[in-house]
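S.K.: The following block contains a protein sequence and its predicted model.
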Amino acid sequence: MGKFKRIDTPIQGLYIIEPTVFGDSRGFFMESWNKKDFEEIGIHCNFVQDNHSKSKKGVLRGLHFQIEHVQSKLVRCIRGKILDVAVDLRRNSPTFGKYFLIELSEENKLMFFIPKYFAHGFLVVSEEAEVMYKVDEYYDPKSDSGIIWNDETLNINWQLETYGLNENKLIISEKDRKLKTFKEFVNSNIWYI
C-alpha cells in the first residue's frame, strides 16, 4: 500500500488525498508529496512552485484561476481550518459550473488536488489558518483571473452561519470583490475545452 489514498469526488479529476500519518508521543510525521507515490494513484504533476498564506477568520480568497499558464494545485491547511472550494470550468465536462467544497484542517491533514481548468478559493473558519499549496505552472499576474465568490449561478454554500460568520464579517480583497460573474466567464472566449 502507498503512502497516499486517493478519494474520488463527484467531479472527475478532482481528488481528496489522505496521507499516511505516523503519530506517537512526540508528535507526527507524514509525507505531503512524493512524485512516485502520487503517480501510483493517478496524479501526474510536475509542481514548480509552493505558495504559503496566513489569514485570519473570515478571510475569503478566490475564486481564482489563470487564463494562461493554467495551474493544477495541491492544497493543504497546515494550521487552523478552512473550507476549500473548486469549481469545474471545463466547458465540455458534464459537471461544468458545479463546485465541490471540503474542510481542510491541521487535524484532518487532508489534501485537495485540483486539476487544471478549475477556479479555486477558500474561507478561513478558525481564528487563523495557514494554507500551503503546490502549483504546476508559475504564477503569472498578466493571466490572473477569477469568478466572484458569491456568484448567483454557482450558488456556493459557504456555510457562513455554521462558523458564526455573515457576509458583513467577510474579509475580501478589493481585487476579489471585482471578479467577473460565472455568466461573464461563460460568455468569454476562455478555455473552449
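M.R.: Nice, thanks for sending it over. Numbers count the residues shown, from 1 in each chain.
S.K.: can you pull the contacts of the spatially most central residue of the chain?
M.R.: What sits nearest the mean C-alpha location of the chain, by CA atoms, centre = their mean, is H120, with 4.6 Å. Applying CB atoms under 8 Å, 6 or more residues apart in numbering to H120 gives the contacts G62, L63, H64, F65, K73, V75, D84, V85, A86, V87, I114. Placement of C-beta: from N, CA and C, glycine included.
S.K.: Y163 and V125 touch, don't they?
M.R.: Yes. Using CB atoms under 8 Å, Y163 is in contact with V125, at 4.1 Å.
S.K.: More neighbours: these two, which one.
M.R.: Ranked by neighbour count (other CB atoms under 10 Å), Y163 and V125 place V125 first, with 22 against 17.
S.K.: Would you check how far apart that one and S55 are?
M.R.: 11 Å (CB to CB, to the nearest Å).
S.K.: With R91 instead?
M.R.: From R91 to S55 the distance is 31 Å (CB to CB).
S.K.: Those two - which one has more neighbours?
M.R.: Neighbours per residue (other CB under 10 Å) separate R91 from S55, with S55 holding more: 19 against 14.
S.K.: and the more buried one, what are its bridge partners?
M.R.: Here S55 shows beta-bridge partners A129, assigned using DSSP bridges.
S.K.: contacting residues around it?
M.R.: Contact analysis of S55 by CB under 8 Å, 6+ apart lists R61, V124, E128, A129, E130, V131, I171.
S.K.: that older thread, now name the helix or strand holding the residue nearest to the centre of the chain.
M.R.: strand 118-124 (DSSP states H and E).
S.K.: The protein: helices as residue ranges?
M.R.: For the chain, the helices defined by DSSP state H occupy 35-40, 174-177, 182-186.
S.K.: I'd guessed F113 sits against I11; true?
M.R.: No. If you go by CB under 8 Å, F113 and I11 don't touch, sitting 11.3 Å apart.
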